[in-house]
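Peer 1: Kindly return the folded structure for what I paste below:
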Amino acid sequence: MERVFMLRGRAVARLLEIRNGLPGSSAAASGATLAAVEQLLFDLRAGRIDSFVLPIETPVQVFVTDD
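Peer 2: As a prediction, this is how the structure comes out:
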């Protein structure tokens, strides 16, 4: 698994890109992924998490740094 460091703002932007690229709720798996991305967005914006795994085809562990 790849590991990267990102500023909080860039991590939020990346999660928004992933969310916008997901199909609606056409399948249960994509619905679960959408819910996971939404929860990561809420937690990341609130400052509750400092690391997470991007829910993409090839998982990437992200370590969040503040500006």
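Peer 1: In the helix-or-strand element of the chain with minimal mean pLDDT, which residues are buried?
Peer 2: Least confident helix or strand, the chain: helix 28-46 with a mean of 84, by mean pLDDT, DSSP states H and E. Within helix 28-46, the residues scored as buried using 16 or more other C-beta atoms under 10 Å are 33-34, 37, 40-41, 44. In short, each C-beta sits where N, CA and C put it, glycine included.
Peer 1: what's the offset of it from the middle of its chain?
Peer 2: Taking C-alpha atoms, centre = their mean, to the nearest Å, the mean C-alpha location of helix 28-46 is offset from the chain mean by 7 Å.
Peer 1: try stretch 2-17
Peer 2: For stretch 2-17, the distance to the chain centre is 7 Å (C-alpha atoms, centre = their mean).
Peer 1: Same question for stretch 53-67.
Peer 2: That offset, for stretch 53-67, works out to 7 Å (C-alpha atoms, centre = their mean).
Peer 1: Show me which residues of that stretch are buried.
Peer 2: For stretch 53-67, by 16+ other C-beta under 10 Å, it's 54-55, 62, 64.
Peer 1: any chance of the residues you listed in a markdown table, plus pLDDT, secondary structure and distance to Leu15?
Peer 2: Below are the buried residues of stretch 53-67 laid out as a markdown table (pLDDT from 0 to 100; DSSP: H, G, I helix; E, B strand; the rest coil; distance: C-beta to C-beta, whole Å):
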| residue | pLDDT | secondary structure | distance to Leu15 |
| --- | --- | --- | --- |
| Leu54 | 88 | strand | 8 |
| Pro55 | 81 | coil | 9 |
| Val62 | 96 | strand | 9 |
| Val64 | 96 | strand | 11 |
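Peer 1: List just the nearest of the buried residues of helix 28-46 to Gly9.
Peer 2: Proximity of these to Gly9 (C-beta to C-beta) peaks at Leu44, which lies at 9.9 Å.
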